[in-house]
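>>> task: produce atomic coordinates for the following.
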Amino acid sequence: MLLTRVIRVDRSSGTVPGSTVAVAVGWSGFYGYYSGAWQTVNVPPQQINGPLWTLSETRLFDAKSGMLAWTGMVDTRENERLDEALTQYINLIFDAMVSDRVL
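Coordinates of the predicted model:
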């Protein structure tokens, strides 16, 4: 029997600090009246959210004895294409079992 469970779901996030940006116009004269003009803009702090990361554990049990035969943990990044993500996940698990000579 093959059993997979989600252990933890994390989303990385952070805050970019705010700042003040100054822009100058007319370095060599501004229509003969001013030598230049300055404009400042305040940019507020912004919250940045990263992708979801899911830690899952897959276990393979012997059907006759019920004993644990193999276990593996996978940390995956969120993917909008669920069919593609599941195919990659399954291939990764089975490749690991073959590599460990369980299958």
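>>> hang on, residue 70 packs against residue 97?
Yes: between residue 70 and residue 97 there is a contact at 5.9 Å, judged by CB atoms under 8 Å. Where you see a C-beta, it was placed from the backbone N, CA and C, and this is true even at glycine.
>>> find residues that contact each of the two.
residue 60 (CB atoms under 8 Å, 6 or more residues apart in numbering).
>>> break down this structure into its strands, ranges please.
In chain order, the chain shows strands spanning 2-16, 19-25, 37-43, 46-61, 68-77, with DSSP state E as the criterion.
>>> in CSV, list those along with distance to residue 93 and mean pLDDT.
Below are the strands of the chain laid out as CSV (distance: least, CB to CB, whole Å; pLDDT from 0 to 100):
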stretch, distance to residue 93, mean pLDDT
strand 2-16, 8, 91
strand 19-25, 46, 78
strand 37-43, 45, 80
strand 46-61, 5, 92
strand 68-77, 6, 94
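>>> reformat those as CSV; add mean neighbour count.
Formatted as CSV, the strands of the chain follow (neighbours: other CB atoms under 10 Å):
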stretch, mean neighbour count
strand 2-16, 10
strand 19-25, 9
strand 37-43, 9
strand 46-61, 13
strand 68-77, 13
